[in-house]
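Enquirer: Coordinates only, no sequence provided:
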């Protein structure tokens, strides 16, 4: 059996990355608490929905920060993969709760639109400005790391959209202050909630696929099997599994039936070629091949275990 681990980790300034994440978490906690208090005092549902958005990003940042720390822990006999899926599990939970709360906000926004209430617009304006400044600082802190790390890029994009949502709330606050169009608060709440559901559903779908061991959308299994089958010494590729462990690792497992009873050294050379093929062309960085010769088993590409 051949088994390969090819890793592509970014080791540049891990402490600085963790520090920037921690500062961003603190900034977003300040924003969230301020907006919740401000939303209750002012009666602005838009401010409360923006606070929910910021809170969801606090959770995302905490997960990223925890993953950064947990990644340093070694695997063990009880945890052979370590804590590599903690981030995916947290994303699934966060996305589920985000969709539920956003749906409740839509219901409340529709009720409020039918019966608009006066909003303390001054508080809304000042708190949205706080959100713009704090999220802007967080975006600047994470921008450099986002260029080289998928996790950091996700956090960066969340914070960037947070800043845009705060800009929308600021515009709404100004409209309410100078034109007394209080229904705009409900409209903004509805728009932010729809965005939260869209973002949450996408995250829920992606995390579910990973947890269910579905084949990543970017991996064409049939094409990969055809390319491996084209090797001169290979008779058949079957019992194929491809799954994503986390954001950085894609695994390929397969049984390969050889035309001749080759030696282990010959198999190692072929395995190396397969590893190079799937890594450079499909970003599959973990390959587990079971070599076979004349074995009487199912030869279907996909076999239900």
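Expert: Yes, it's here. The shown structure was predicted, so the numbers you read here are calculated from the model rather than taken from an experiment.
Enquirer: Where does the prediction get shaky in the stretch 201-305 of the chain?
Expert: Along the stretch 201-305 of the chain, the parts satisfying pLDDT under 70 run over 305.
Enquirer: Run through the strands of it in chain order.
Expert: For the stretch 201-305 of the chain, strands defined by DSSP state E, counting those that start in this stretch occupy the ranges 234-244, 250-258, 286-292.
Enquirer: Can I get those strands in JSON lines including distance to residue 113 and mean neighbour count?
Expert: Yep, even glycine has a C-beta here, placed from its N, CA and C like the rest. Formatted as JSON lines, the strands of the stretch 201-305 of the chain follow (distance: least, CB to CB, whole Å; neighbours: other CB atoms under 10 Å):
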{"stretch": "strand 234-244", "distance to residue 113": "42", "mean neighbour count": "19"}
{"stretch": "strand 250-258", "distance to residue 113": "46", "mean neighbour count": "20"}
{"stretch": "strand 286-292", "distance to residue 113": "52", "mean neighbour count": "18"}
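Enquirer: With residue 159 as the reference, name the closest of these.
Expert: strand 234-244 (24.9 Å; CB to CB).
Enquirer: can I see the domain layout of this protein?
Expert: Domain ranges of the chain: 2-211, 221-292, per automatic domain parsing.
Enquirer: Dump the strands of the stretch 201-305 of the chain into TSV; add distance to residue 18 as well.
Expert: Listed next are the strands of the stretch 201-305 of the chain as TSV, based on distance: least, CB to CB, whole Å:
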stretch	distance to residue 18
strand 234-244	25
strand 250-258	26
strand 286-292	26
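Enquirer: Nearest to residue 156, out of those strands?
Expert: strand 234-244 (21.6 Å).
Enquirer: now for the closest one, which elements pack on it?
Expert: helix 183-211, helix 221-229, strand 250-258 (3 or more CB pairs under 8 Å, 6 or more residues apart in numbering; DSSP states H and E).
Enquirer: Apply 6 Å and report the result again.
Expert: Other elements packing on strand 234-244 under the criterion 3 or more CB pairs under 6 Å, 6 or more residues apart in numbering; DSSP states H and E are helix 221-229, strand 250-258.
Enquirer: okay if I get the ones you listed as CSV plus distance to residue 119?
Expert: As requested, the helices and strands packed on strand 234-244 are arranged in CSV below (distance: least, CB to CB, whole Å):
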stretch, distance to residue 119
helix 221-229, 54
strand 250-258, 49
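Enquirer: So which of the ones you listed is nearest residue 284?
Expert: strand 250-258 (4.8 Å).
Enquirer: Mind listing residues that contact that closest one?
Expert: 233-244, 278, 284, 286-293 (CB atoms under 6 Å, 6 or more residues apart in numbering).
Enquirer: try stretch 76-86
Expert: 70, 73, 75, 245-246.
Enquirer: What's the mean pLDDT across it?
Expert: On average, the pLDDT along stretch 76-86 is 85.
Enquirer: can you list contacts of stretch 48-66?
Expert: Residues contacting stretch 48-66 (CB under 6 Å, 6+ apart): 21, 24-25, 28-29, 31-32, 35-36, 39, 87, 90, 94, 98, 101, 105, 151, 155, 158, 162, 165, 169, 189, 192-193.
Enquirer: Emit the PyMOL select command for whichever of those are buried.
Expert: The PyMOL command for the buried members of those (criterion: 16 or more other CB atoms under 10 Å) is given here:
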select buried, resi 21+24+25+28+29+31+32+35+36+39+87+90+94+98+101+105+151+155+158+162+165+169+189+192+193
